[in-house]
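**Student:** quick check, what structure comes out for this input:
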Amino acid sequence: MKTTGLNFRHLYYFWVVAKEGSVTRAAERLDVAIQTISAQLALLEQSIGKALLAPQGRRLVLTEAGRVALGYADQIFLLGEQMQEVLTETDIGKTMRLTVGLSDSLPKLIASRLLEAALKLPQKVKLVCHEDDFESLLGDLSVHKLDVILTDRPVPSGTTLRVFSHLLGESELSLFGLPALAERYREGFPKSLHGAPLLLPTRNHAIRGRFDQWFESHDVRPDIVGEFDDNALLNTFARHGHGLFPAPSALADDVREEIGAEPVGELSQLREQFYAISNERKIKHPAVDAILTAVHGGLFIKGSTSG
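**Tutor:** Numbers count the residues shown, from 1 in each chain. Take a look at the predicted model:
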């Protein structure tokens, strides 16, 4: 790219043409002359030094350089739309916005406890929560679509993304079940788990392998009746009594209240960790800082914590 810099109006015209598939439809959408758009596209390609679009029949298709440019343009103009939405809110001076990514493997009871801490700030907080797989959330965080990710795993070592893991804490895990199931399998635990119906996360979750190792080390073979990527769906099946399920021991009261389940037994030496992931090594967002402060003050997690 030349040192004169990128003209974002030219880029915007390219973005609309790429979305619409033709200069004519882009001109109609933008309410400008076809010649104007064609001229802007030519200037953009001249400044970049590569062709971004190529004719294919009556349509324009992206070149390889065009596909790369469109990826960046998508991020740029999506952020622009989000900025406009935030800045046009009527109470922008009174409300703090916190955009959170929730890993689909994170227990929802954990997520709600963490987010409650942010809502207790003196200033009004508007929560915007997005749930997705871990890798997608990292990508969104890296382009500042999110303020923070709450998850059950740290950033992988060797990542090229400039993001930082903050260990919130850890909790021992227990198995829970509706009262009839809990009573049936509590006596003789953990040997009683042989053949017991279990609801577990899928092997896409790092902790699943540790569950399998724990059962093997205790020489028990439970009947795994369901495997779930989505923790909320797992809890729904648990609520209907389809099997025993794991949850943080520290949240036994919440599990009893939300699901109606009772503890069966503790999975000794099996612990789950929870992380906040941000773009900053030192947290600056007041609502994210409130979450870390609450955790370090003993919010709910048993075990060591560090920032």
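
**Student:** use CA for all of it now, contacts and neighbours both
**Tutor:** OK.

**Student:** which of the three states applies to the residue located most distally from the centre of the chain?
**Tutor:** Going by CA atoms, centre = their mean, the residue of the chain most distant from its centre is residue 35, 43.3 Å out. With DSSP: H, G, I helix; E, B strand; the rest coil as the basis, residue 35 sits in helix.

**Student:** in the chain, where's the longest strand?
**Tutor:** When the chain is parsed with DSSP state E, its longest strand is strand 262-278.

**Student:** and it, which strands flank it?
**Tutor:** According to DSSP bridges, strand 262-278 has the following sheet partners: strand 148-151 (antiparallel), strand 164-177 (antiparallel).

**Student:** and the first one, what's its mean pLDDT?
**Tutor:** I take that to be strand 148-151. The pLDDT scores in strand 148-151 average 94.

**Student:** what residues does residue 22 make contact with?
**Tutor:** Contacts for residue 22 (CA atoms under 8 Å, 6 or more residues apart in numbering) come out as 58-60.

**Student:** could you measure from it over to residue 41?
**Tutor:** According to CA to CA, to the nearest Å, residue 22 and residue 41 sit 12 Å apart.

**Student:** list the beta-bridge partners for residue 223.
**Tutor:** For residue 223, the beta-bridge partners are residue 197 (DSSP bridges).

**Student:** who's in contact with it?
**Tutor:** Counted by CA under 8 Å, 6+ apart, residue 223 has contacts 194-198.

**Student:** what separation do you get for the spatially closest residue to residue 220 that is not a sequence neighbour and residue 201?
**Tutor:** Residue nearest to residue 220 in three dimensions, not counting chain neighbours: residue 194, with 4.8 Å by CA to CA, 6 or more residues apart in numbering. Distance, residue 194 to residue 201, by CA to CA: 19 Å.

**Student:** higher neighbour count, those two?
**Tutor:** Neighbours were counted for residue 194 and for residue 201 using other CA atoms under 10 Å; residue 201 has more, 21 against 16.

**Student:** list every C-alpha atom in the helix of greatest length in the chain, with coordinates, as PDB.
**Tutor:** Assignment by DSSP state H gives helix 64-87 as the longest helix of the chain. What follows is helix 64-87 as a C-alpha-only set of coordinates in PDB (Å, rounded to 0.1, in the frame of the first residue of the first chain):
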ATOM      1  CA  GLU A  64      -7.800 -13.300  -4.400                       C
ATOM      2  CA  ALA A  65      -6.700  -9.800  -3.400                       C
ATOM      3  CA  GLY A  66     -10.400  -8.800  -3.300                       C
ATOM      4  CA  ARG A  67     -11.300 -11.700  -0.900                       C
ATOM      5  CA  VAL A  68      -8.600 -10.500   1.500                       C
ATOM      6  CA  ALA A  69      -9.700  -6.900   1.200                       C
ATOM      7  CA  LEU A  70     -13.300  -7.900   1.800                       C
ATOM      8  CA  GLY A  71     -12.400  -9.700   5.000                       C
ATOM      9  CA  TYR A  72     -10.900  -6.600   6.400                       C
ATOM     10  CA  ALA A  73     -13.600  -4.300   5.000                       C
ATOM     11  CA  ASP A  74     -16.200  -6.500   6.800                       C
ATOM     12  CA  GLN A  75     -14.500  -6.000  10.100                       C
ATOM     13  CA  ILE A  76     -14.000  -2.300   9.600                       C
ATOM     14  CA  PHE A  77     -17.600  -1.500   8.600                       C
ATOM     15  CA  LEU A  78     -19.100  -3.800  11.200                       C
ATOM     16  CA  LEU A  79     -17.100  -2.000  13.900                       C
ATOM     17  CA  GLY A  80     -18.300   1.300  12.400                       C
ATOM     18  CA  GLU A  81     -21.900   0.200  12.600                       C
ATOM     19  CA  GLN A  82     -21.400  -0.900  16.200                       C
ATOM     20  CA  MET A  83     -19.700   2.400  17.000                       C
ATOM     21  CA  GLN A  84     -22.600   4.400  15.600                       C
ATOM     22  CA  GLU A  85     -25.100   2.200  17.500                       C
ATOM     23  CA  VAL A  86     -23.300   2.800  20.800                       C
ATOM     24  CA  LEU A  87     -22.800   6.600  20.200                       C
END
